[in-house]
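Peer 1: requesting a structural model of the entry that follows:
(2 chains)
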Amino acid sequence: MEDQDYILFESYLSKELSRDEIAAFEARLKNESDFNQAFNTYKELSAFLEHKFENEAASTGFQNNLKAISNTYFEKQETTKEALHFKPWHYAIAASVVLLMGIFTFNNFSNPTFNDYNNYEVISLTVRGGQDELLKTAENAFNDKDFAKAEIVFGQLLALDGSNKEWQLYRGVALLELDEFDEAEGLFNKLSNEASVYKNKAAWYLALSKLKQKDYNACLKILRSIPEDAEDYEQAQKLIKKLE
Amino acid sequence: MSKKKIHEDQKYIDGLLKNNSFIIQAIYDRFAPKVINYIRKNSGDSDKAQDVIQDTLITIYNQASENKLQLTCPFDAYFFLLCKRKWLNELKKSSNKEVTINEDVLSKGDEAQELAFETSVFGEKQALFTEMFQKLGTACKDLLTATFKIKSMEEVAKSLGVTYAYARKKKSLCIGKLTELVQKSPKFNQLNN
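Peer 2: Have a look, this model is predicted:
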């Protein structure tokens, strides 16, 4: 096919041709089999690309959830494989639990504070070979605990794709660290009310936001809503006991 | 297709599409053992089975979300055939020699066979398209990524610092280039026949 043909395909698909041009185009589709084949492939690829990029966030959410369920299922099947499936952040959780236990033993009579809980896992956003500078900047700022910068960069990312729930969550955390409670809670509230893999995480951070503001009743109420299958369930239960 | 009766197991497809953990878990509990068993008996192990099942569910998810998948047969049969087909293809790839895929001769009217065939062609095409997309030059990849993410061509042009007309023309030519790459690949002709 010539360049002109591809330009014509695009105009036809975006319905920009006049009635006469459409008639001529459709006649070619009928009579020229190469033209027809190329057009069908072009159309198929357009649909593929459109879907690939539009659905990226939903699709990543699905794949992460699927992997988690799959890993749990296969761990159950074969307990000897456990070491292989042990994820790095489990060490972090284990370490922070030990740390918290230490803190609570020595600090048993004071209320728990936000700073006992704000040790975040290292985040990783650049999945496609580091092609996106902005993602890298956001990732580094967050991991370096430069939350002012992280907040700005996640804001820029969300301007490109406002529907990305992962970015919304991290922007919320950055806002929380900056004491921008209203905005942070707006994001967490929205996320915790929508079905996604970030639902429970958002509820946990919402509770932490209340904790940071020393609104213990509101904090307890949210903590109690965190379901048993949530990653932060145990932390939440422990925090409930401390607050009650 | 629309005339055919939708099977009640459509709930599994809808559940996948909604990323419903409960349904995904149910699929594993109910349908995975048969697949694991089959793969173990045919030169595989449970790690391989885990990959095959996961990839198959992703393919089903993609097909359901891109062009509406309507299940006209029990999920069990459909899912098993898909996993089996994927596993035999894996074996074929890794052994480098011809493994005869005993395709239980596609009999007309066998809904599960037809549907599983459709889905696996869909999956293979997606893999091929993704592979060919990676072969495009950086300029094309960036332009197409921006085009389909931002949607408004005016904004795309602005973000890339080119004129609207140029961005539009480039978009057609890049998809055109991709069309040629795809059409030239032997795999595509095989799939389209």
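
Peer 1: in chain A, what residue is nearest chain B?
Peer 2: Among the residues of chain A, A:Y6 lies closest to chain B, at 3.2 Å counting by Cβ to the nearest Cβ. For every residue, glycine as well, the C-beta is placed using N, CA and C.

Peer 1: what ranges of chain A fall below the confidence cut-off?
Peer 2: Low-confidence regions of chain A, defined here as pLDDT under 70, cover residues A:76-110, A:126-131.

Peer 1: residues in contact with the residue nearest to the spatial centre of it?
Peer 2: Centroid-nearest residue in chain A, with Cα atoms, centre = their mean: A:E166, separated by 2.2 Å. A:E166 makes contact with A:A57, A:T60, A:L125, A:Y198, according to Cβ atoms under 8 Å, 6 or more residues apart in numbering or on different chains.

Peer 1: so A:K214, which state does it fall into?
Peer 2: Counting by DSSP: H, G, I helix; E, B strand; the rest coil, the backbone at A:K214 sits in coil.

Peer 1: tell me which element the closest residue to it other than its chain neighbours is part of?
Peer 2: Spatial nearest neighbour of A:K214, chain neighbours left out: A:N111 (7.8 Å); criterion: Cβ to Cβ, 6 or more residues apart in numbering or on different chains. In the assignment (DSSP states H and E), A:N111 maps to no helix and no strand.

Peer 1: number of residues surrounding A:N111?
Peer 2: Residues lying near A:N111 (other Cβ atoms under 10 Å in any protein chain shown) number 11.

Peer 1: what's the answer for A:L211, then?
Peer 2: For A:L211, using other Cβ under 10 Å, the count is 26.

Peer 1: how close does the most far-flung residue of chain A relative to its centre get to A:K15?
Peer 2: The centre of chain A is farthest from one residue, A:N31, which by Cα atoms, centre = their mean lies 48.5 Å away. Computed with Cβ to Cβ, to the nearest Å, the distance linking A:N31 and A:K15 is 22 Å.

Peer 1: check A:A207 too.
Peer 2: For A:A207, the distance to A:K15 - Cβ to Cβ - is 50 Å.

Peer 1: just the CA coordinates for the helix or strand harbouring the residue nearest to the centre of chain A, please, in PDB.
Peer 2: Element membership for A:E166, per DSSP H and E: helix A:165-177. Output of helix A:165-177 as PDB, limited to C-alpha atoms (Å, rounded to 0.1, in the frame of the first residue of the first chain):
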ATOM      1  CA  LYS A 165      -5.900   4.700  40.500                       C
ATOM      2  CA  GLU A 166      -2.400   3.800  41.400                       C
ATOM      3  CA  TRP A 167      -1.200   7.400  40.800                       C
ATOM      4  CA  GLN A 168      -4.200   8.700  42.700                       C
ATOM      5  CA  LEU A 169      -3.300   6.600  45.700                       C
ATOM      6  CA  TYR A 170       0.300   7.700  45.800                       C
ATOM      7  CA  ARG A 171      -0.600  11.300  45.300                       C
ATOM      8  CA  GLY A 172      -3.000  10.900  48.300                       C
ATOM      9  CA  VAL A 173      -0.100   9.500  50.400                       C
ATOM     10  CA  ALA A 174       2.100  12.400  49.400                       C
ATOM     11  CA  LEU A 175      -0.700  14.900  50.300                       C
ATOM     12  CA  LEU A 176      -1.200  13.100  53.600                       C
ATOM     13  CA  GLU A 177       2.500  13.500  54.400                       C
END
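
Peer 1: how far is it from where the chain is centred?
Peer 2: 10 Å (Cα atoms, centre = their mean, to the nearest Å).

Peer 1: cool, and stretch B:171-183?
Peer 2: 20 Å.

Peer 1: any idea which residue is closest to the centre of chain B?
Peer 2: Short answer for chain B (Cα atoms, centre = their mean): B:G123, at 2.1 Å.

Peer 1: that one contacts B:T59, doesn't it?
Peer 2: Yes: in this structure, B:G123 is within contact of B:T59 by Cβ atoms under 8 Å, at 3.6 Å.

Peer 1: break chain B into its domains for me.
Peer 2: Under automatic domain parsing, the residue ranges defining each domain of chain B are B:10-122, B:136-192.

Peer 1: columns distance to chain A, mean neighbour count and mean pLDDT on top of those domains, output as JSON lines?
Peer 2: As requested, those are exported to JSON lines (distance: least, Cβ to the nearest Cβ, whole Å; neighbours: other Cβ atoms under 10 Å in any protein chain shown; pLDDT from 0 to 100):
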{"stretch": "domain B:10-122", "distance to chain A": "4", "mean neighbour count": "17", "mean pLDDT": "86"}
{"stretch": "domain B:136-192", "distance to chain A": "3", "mean neighbour count": "17", "mean pLDDT": "89"}
